[in-house]
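Trainee: let's see this in three dimensions:
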Amino acid sequence: MAEARDFLRKAENQISRDFGLSIAQYLKSQEVFDSAFSKMENQEYEDAIRDFQKVLSWNHRHTQSYGNLGLCYALMGEKQKAIQAFDRALEIDPEYVPARANKTIILGLKDGEKMLGGKLNIVDFYKKKVEAESNP
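Mentor: Numbering: from 1, shown residues only. I've put the predicted structure just below:
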């Protein structure tokens, strides 16, 4: 039991330090992010955008929310907004490959042209990064 409390205390301290959020706020932001992601997958882009923006109101440095905002805008044909969102993701994490790759695709589109024909290629970049670092 003491080990569990110690783990939770360390997790709470890290979340507070890294994100400036309490555990409750962090979990709520993750819940809203997951909902937004689901909406994006279901092509409910405007609703997804609102939820990603809500996550960003709590955590201004949430790279994936900016990247997914970029995807939503790109899938709606809003090239400039998509580029701005990808650029912000890359400001936070210059190694965030999905934003860089998607921005390259968007730059090749004409104004108003939609990305990917409405189909998403979903990648959990940070999960894959951790897995790769754990299995050298």
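
Trainee: contacts only, for residue 13.
Mentor: Residue 13 sits next to no residue when contact means C-beta atoms under 8 Å, 6 or more residues apart in numbering. Quick note: C-beta positions are derived from backbone N, CA and C, even for glycine.

Trainee: residue 74 now?
Mentor: Contacts for residue 74 were tallied using C-beta under 8 Å, 6+ apart; they are 82, 102, 105, 106, 109, 114, 115, 116.

Trainee: so which of the residues you listed belong to helices?
Mentor: 82, 102, 105, 106 (DSSP state H).

Trainee: hmm, which two among the residues you listed are most spread apart?
Mentor: Maximum pairwise distance among those (C-beta to C-beta): 9.5 Å, between 82 and 105.

Trainee: so those two - more neighbours on which side?
Mentor: Set side by side, residue 82 and residue 105 show more neighbours around residue 82, with 25 against 13, by other C-beta atoms under 10 Å.

Trainee: got the phi/psi numbers for the residue lying closest to residue 20 once chain neighbours are set aside?
Mentor: Leaving aside its chain neighbours, residue 20 sits nearest to residue 59 (7.6 Å; criterion: C-beta to C-beta, 6 or more residues apart in numbering). Phi and psi for residue 59, reported as degrees, to the nearest 10, are phi -130, psi 90.
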